[in-house]
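A.B. asks: Please work out how this folds:
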Amino acid sequence: MIAAKSFIFKQTQQDSFNPEVNALTQNKPINTTIRFRHLSPFLDKDGILRARGRLEKSQLDYCIKHPFILDGNHPAVHLFIGQTHKDNQHSPRQHLKNILQNEYWILCVRAHIDKIIKNCYDCRRQQATGLQPEIPPLPAFKFPEDKPFPFQQTGLDLFGPFASKTAGNYNKRYGVIMTDLTTRTVHLEMCQDQSADAFKNTLRRFFARRGQPAKTVFDNSTKFTAAKKELNRHFDADVTRQFYANHQIEWTFNPAYAPHFGGVWERLIKSVKDSFYAIIGSQILTDDIFNTVLCEVEHFMNARPITTV
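C.D. replies: Predicted coordinates for the structure are as follows:
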């Protein structure tokens, strides 16, 4: 097998570098304008063109110290690169280049490897990207007809949990983000737990401080749908009836299993968490300090520029 491979590569050298091989055979200087002049080429005892390099006195194998010089444009070399690519689990460019250079010095090897990988069916199938659908227009509720005020159109989501310590007991606390869908203004609240009652109290605090939004968009989460069901189920209760009458909530939920519909607040949640952990590090906070840090993060978020500065 090795002898056959050497014979084939010797023939490719005769096809690609015939003047240079003839000059070296006759102990004549080769043309100074050839592409591999810097490799100090020579012919071994079998008449194969090799690169001299600077590793001649090392303990490496002879083929590593003096690799074959091959022309990547030759069809046989092109087939050899493709087969090596398949034999090594469709290795990427840099890995395949390293494998080839153990024994062969192929001129313009990167360009030929890129061509092999580009035309490889398996690689194209594995690296293929899905078709990008046409981007639809923004929903109409992001463009209110009348003069907008902050939080007129509000998106809402819950994030966490965060560790909290109260009277020596460790609890889970959650953050609730309300963002204006037009100006990206942020309001942050602490939620005691994921129950519908805790979420309803969070809404009451938000309405008392920021006013009643005309439309509220929620993630399709069980805690939000449960809050709506609880309000409907207990509609006859005096307190709930009064709350529901005073705050006519237009409940709008994103489609199920589609978090990308809430990309507006999901991106803001990442910024909130980055700022939050930058302040507290690994500390476990009390509820009072937790609320204080949320207010500081809210101030930081609302002071950010909304365009490139």
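
A.B. asks: just so I have it, where are all the strands in the stretch 201-309 of the chain?
C.D. replies: Secondary structure of the stretch 201-309 of the chain by DSSP state E, counting those that start in this stretch: the strands cover 215-218, 251-253.

A.B. asks: Point out where the stretch 51-200 of the chain drops to low pLDDT.
C.D. replies: Residues of the stretch 51-200 of the chain meeting the criterion pLDDT under 70: 144-148.

A.B. asks: quick one, longest strand in the protein?
C.D. replies: Under DSSP state E, the strand in the chain containing the largest number of residues is strand 153-166.

A.B. asks: residues of that strand that come out buried?
C.D. replies: 153, 154, 155, 156, 157, 158, 159, 160, 162, 164, 165 (16 or more other CB atoms under 10 Å). For the C-beta atoms, the positions are set from N, CA and C on the backbone; glycine is no exception.

A.B. asks: next one: stretch 76-83
C.D. replies: 77, 78, 80, 81, 82.

A.B. asks: In strands, which of these fall?
C.D. replies: Among those, DSSP E puts none in strands.

A.B. asks: so what are the domain limits for this protein?
C.D. replies: The record's domain parsing of the chain by automatic domain parsing lists 2-126, 140-302.

A.B. asks: Packing partners of the longest strand of the chain?
C.D. replies: Where contact means 3 or more CB pairs under 8 Å, 6 or more residues apart in numbering; DSSP states H and E, strand 153-166 is packed against strand 169-180, strand 215-218, helix 263-280, helix 287-302.

A.B. asks: got the CA positions of the third one in PDB?
C.D. replies: If I follow you right, that is helix 263-280. Taking Å, rounded to 0.1, in the frame of the first residue of the first chain, the C-alpha atoms of helix 263-280 are listed here in PDB:
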ATOM      1  CA  GLY A 263     -37.900  38.400  23.200                       C
ATOM      2  CA  VAL A 264     -38.500  42.000  24.400                       C
ATOM      3  CA  TRP A 265     -38.500  41.100  28.100                       C
ATOM      4  CA  GLU A 266     -36.200  38.100  27.800                       C
ATOM      5  CA  ARG A 267     -33.400  40.200  26.600                       C
ATOM      6  CA  LEU A 268     -34.000  42.700  29.400                       C
ATOM      7  CA  ILE A 269     -34.000  39.900  32.000                       C
ATOM      8  CA  LYS A 270     -30.500  39.000  30.900                       C
ATOM      9  CA  SER A 271     -29.300  42.600  31.500                       C
ATOM     10  CA  VAL A 272     -31.100  42.700  34.800                       C
ATOM     11  CA  LYS A 273     -29.500  39.500  36.000                       C
ATOM     12  CA  ASP A 274     -26.100  40.700  34.900                       C
ATOM     13  CA  SER A 275     -26.400  43.900  36.900                       C
ATOM     14  CA  PHE A 276     -28.000  42.000  39.900                       C
ATOM     15  CA  TYR A 277     -25.200  39.500  40.200                       C
ATOM     16  CA  ALA A 278     -22.600  42.200  39.700                       C
ATOM     17  CA  ILE A 279     -23.900  43.900  42.800                       C
ATOM     18  CA  ILE A 280     -24.600  40.900  45.100                       C
END
